[in-house]
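Enquirer: whatever this is, show me its structure:
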Amino acid sequence: MAIDAKKIYQMYRAGHIVFVEEVHCPMVLEVMDTAGTVSAFCVKAGISDSCFYRWLNKHPVFHECYRLGCMIARENWEEEGRQGRYEEDFNLEIWKVQGSARFGVGRSNRVRIHLDADATPYDQYKQLVNQATMGDFSAAEFKQLMESVNIGCRAYESFELQQQVDEMKDDLKKMREHDGNNIIPIKEAAKRN
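Expert: Reported below is the predicted structural model:
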């Protein structure tokens, strides 16, 4: 596969990589029908996988097209197995490995999580729930992830609360310095009157 690395770099540098629903939604359906992988779509669209998952979280129509594409890709894989079982040269083991890697059939120990690293824990929680509804996790994996996110949410809340307490302490200190008036000192106001 030949790529024009300099052209791709210039497009990224100029900020020309943008989501266009009319282009990318049909493209994801087409790629999932033929190649059946996110990486194939990313290469065709000229984007990174992190950009792909940002688009997935941000654009509902793209998300739905991708989910339908996943179903098409899985059905294509299953049809390949149904047809191949009667052929002498069909490699059942390779077919199984592809199903495991692409569709979670026979689950490996790796879990792929697609979260926005800059999002709040609450938004990440929503992203995990959304990913779980897509069938990306087993029940045990989902339980472990939710427990971790709950701990993260509590830590985030504690951090936010501590910031508020620190701001209040700072405000009280300023008020004490100005004789309880947080706008202008009472002594200065008395001098003006």
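Enquirer: this protein - how does it break down into domains?
Expert: Structural domains assigned to the chain are 1-108, 111-193, following automatic domain parsing.
Enquirer: now do the first one, average pLDDT.
Expert: What that stands for is domain 1-108. When pLDDT is averaged along domain 1-108, the result is 86.
Enquirer: stretch 168-180 now?
Expert: Here the average pLDDT along stretch 168-180 is 79.
Enquirer: distance from it to the middle of the chain?
Expert: 43 Å (C-alpha atoms, centre = their mean, to the nearest Å).
Enquirer: buried set for that stretch?
Expert: For stretch 168-180, burial by neighbour count (16 or more other C-beta atoms under 10 Å) applies to no residue. Using the backbone N, CA and C atoms, a C-beta is placed for each residue, glycine as well.
Enquirer: separation between Lys96 and Glu141?
Expert: 21 Å (C-beta to C-beta, to the nearest Å).
Enquirer: burial measure for the closest residue to Met11 other than its chain neighbours, as a count.
Expert: Counting by C-beta to C-beta, 6 or more residues apart in numbering, the nearest residue to Met11 once its immediate chain neighbours are dropped is Ile17, at 5.8 Å. When neighbours are counted by other C-beta atoms under 10 Å, Ile17 registers 14.
Enquirer: kindly report the same for Leu92.
Expert: With other C-beta under 10 Å as criterion, Leu92 counts 10.
Enquirer: same check, this time on Ala139
Expert: 8.
Enquirer: for Gln10, same thing?
Expert: Neighbours of Gln10 (other C-beta under 10 Å): 11.
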